[in-house]
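# Give me a model of this one.
(one chain, ligands or ions: 1)
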Amino acid sequence: MEQTFLMVKPDGVQRGLVGEIVRRFERKGLKLVAAKLLQVSREQAEKHYEEHYGKDFYDRLIQFITSGPVFAMVWEGDRAIALTRAMIGKTDALEAAPGTIRSDFAVHTNLNLIHGSDSPESAAREIANYFAQDEIVSYEKTV
Ligand code: CMP
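This is a model prediction of the structure:
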């Protein structure tokens with residue numbers, strides 16, 4: 001069983017796509033174990049994007065992710081990281097496969113609606129950056 005961190009970015013929240021995005025993961029059969037609307041702090045943003053530090057788009061990333069509320073979530077399930085990344089689609093909306101979130105709703109690489117962890121290590125780091133351990137709910141999914 002795997003956990004992944006997913007975050008509807010400020011553009012997704014402002015476009016009213018939180019429900020649509022959550023619905024897709026619910027219908028897939030993944031289990032939601034934590035969720036909240038929050039304003040990302042500068043410190044959280046720097047931790048979140050530390051692998052991009054020094055790149056030409058880094059400042060834009062930090063500015064954008066702190067520009068308005070995001071909807072942060074933890075989802076659980078077998079192969080949850082790979083499954084959710086497949087459902088999200090490639091970073092560039094032009095390369096995202098039809099039917100993915102970015103193909104269906106995004107135009108730009110900068111405004112690509114949602115972030116998803118790319119490895120178990122990133123997931124653990126990202127979950128800890130946004131959630132306290134007691135905010136993650138443990139329960140059995142019976143249906
Ligand atoms: P995400 O995969 O969530 O995290 C890194 C983000 O950097 C990516 O989404 C894009 O929104 C953003 N980005 C902006 N410019 C680029 C670029 N040239 N290459 C990759 N990512 C970029």
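# three-state assignment of residue 24?
helix (DSSP: H, G, I helix; E, B strand; the rest coil).
# Please name the residues that touch the closest residue to it other than its chain neighbours.
For residue 24, ignoring the flanking residues on the chain, the nearest one in space by CB to CB, 6 or more residues apart in numbering is residue 87 at 6.1 Å. C-beta here means a position set from N, CA and C on the backbone, and glycine is covered the same way. Contacts were defined as CB atoms under 8 Å, 6 or more residues apart in numbering; by that measure residue 87 touches 24-25, 28, 100-101.
# neighbours around residue 16, how many?
Here the neighbour count serves as a burial measure; for residue 16 (other CB atoms under 10 Å) it reads 8.
# So it, which state does it fall into?
For residue 16, the reduced secondary structure class is coil; criterion used: three-state DSSP.
# if we can go back for a sec, then the helix or strand harbouring the residue nearest to residue 24 to PDB, C-alphas only?
Following DSSP states H and E, one finds residue 87 within helix 80-88. Output in PDB follows, covering the C-alpha atoms of helix 80-88 (Å, rounded to 0.1, in the frame of the first residue of the first chain):
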ATOM      1  CA  ALA A  80      -1.000   5.200  -5.900                       C
ATOM      2  CA  ILE A  81       2.000   7.200  -7.000                       C
ATOM      3  CA  ALA A  82       2.200   5.800 -10.600                       C
ATOM      4  CA  LEU A  83      -1.600   5.700 -11.000                       C
ATOM      5  CA  THR A  84      -2.200   9.300 -10.000                       C
ATOM      6  CA  ARG A  85       0.700  10.500 -12.100                       C
ATOM      7  CA  ALA A  86      -0.800   8.700 -15.100                       C
ATOM      8  CA  MET A  87      -4.200  10.300 -14.400                       C
ATOM      9  CA  ILE A  88      -2.600  13.700 -14.000                       C
END
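# tell me the mean pLDDT over that helix?
Per-residue pLDDT values across helix 80-88 average out to 98.
# Which one of the contacts of residue 87 is nearest to the ligand?
Of all the contacts of residue 87, the one with the least separation from the ligand (CB to the nearest ligand atom) is residue 101, at 11.7 Å.
# Am I right that that closest one is in contact with residue 116?
No: counting by CB atoms under 8 Å, no contact exists between residue 101 and residue 116, whose distance comes to 9.3 Å.
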